[in-house]
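**Q** build me a model from this:
(one chain, ligands or ions: 1)
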Amino acid sequence: MGGSDIEHSDQIEIVPISGELLEQAAEVHLEAFHDRASGRLGRRYAVAFIRWFADRPDTVALAALVDGKVGGYLVGAPLGYQRDINRDLFWTVFVSTLVRPRIWFSFNFIRIVLGRLQVMIGSKQQSTLPELPRPTFCEVGIGVSTRARGRGVGVQMLKAFEAEGRRRGMKSIISSVYRENTAGRALFEKGGYSAMEKGAGATVKYCLILK
Ligand SMILES: CC(C)(COP(=O)(O)OP(=O)(O)OC[C@H]1O[C@@H](n2cnc3c(N)ncnc32)[C@H](O)[C@@H]1OP(=O)(O)O)[C@@H](O)C(=O)NCCC(=O)NCCS
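**A** Residues are numbered from 1 along each chain as shown. Sure, this is the predicted structure:
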């Protein structure tokens, strides 16, 4: 990202995640998703997950510096990324689950793993979302540490991601939030996203058309 893409406020600065910020961003991920499979997989997975987005030219990894320390992170990628990330992080997930056998007792975790395996071997296609203008950027994950919540950090990161999407010629952004995640849903609504209500599944998709 160029310097002009970085957004500033008094104490909040949005920057690309580089080497020294990676560990701090992983800490935020572990805290923000402590009750989700991706948080329960531990530090090794958290670092590998965020690094995957930080290392590629077509993906995005942003950190929010709050009072000089990482207080939030956001990762995103063009639609279609899932197969590659599932393949690249397969062994990290494998080892992380081996040393945490209790995670296998989570029904939700088994459902996620089976879904990812299906995407990886090609027996299941990712959602094609034909009604959205292409290309489509996916907002894959956003987390803010508890100390930094309620200060507009999440919205600022979403705005920086939107600006980055426009710069890269994206025509839409999509994300997915668990239906019961009140804070997550409020965040996307505040960011100008619209809910794509389809059925009563566990997650709600949110989209933003970039005009
Ligand atoms: C969701 C999350 C990223 C929001 O971060 P944040 O920096 O606190 O959000 P913001 O301060 O930018 O708030 C954005 C809007 O959401 C609202 N909001 C934030 N937390 C809320 C909550 N717990 N309940 C209801 N609304 C909430 C805010 O009020 C604000 O709207 P407003 O300006 O009209 O008041 C943060 O709570 C988090 O990390 N949660 C755990 C991870 C997660 O669920 N990620 C999203 C799904 S991937």
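**Q** which stretches in the chain count as strands?
**A** Counting by DSSP state E, the chain has these strands, from start to end: 12-16, 60-66, 69-78, 136-144, 172-178, 194-196, 203-209.
**Q** and the residue lying closest to residue 201 once chain neighbours are set aside, what does it touch?
**A** Nearest non-adjacent residue to residue 201, counting by C-beta to C-beta, 6 or more residues apart in numbering: residue 179, 7.4 Å away. (Each C-beta comes from the backbone N, C-alpha and C, glycine too.) For residue 179, the contacting residues are 185, 200-204, by C-beta atoms under 8 Å, 6 or more residues apart in numbering.
**Q** now the closest residue to the ligand within the chain. Nearest residue, chain neighbours left out?
**A** Closest residue of the chain to the ligand, C-beta to the nearest ligand atom: residue 154 (3.0 Å). Leaving aside its sequence neighbours, residue 154 sits nearest to residue 187 (C-beta to C-beta, 6+ apart; 4.7 Å).
**Q** what's the answer for residue 177, then?
**A** Closest to residue 177 by C-beta to C-beta, 6+ apart is residue 184, at 4.0 Å.
**Q** I figured the one you found hits residue 178, correct?
**A** Yes. Using C-beta atoms under 8 Å, residue 184 is in contact with residue 178, at 6.9 Å.
**Q** what about these two, which has more around it?
**A** Neighbours were counted for residue 184 and for residue 178 using other C-beta atoms under 10 Å; residue 184 has more, 20 against 14.
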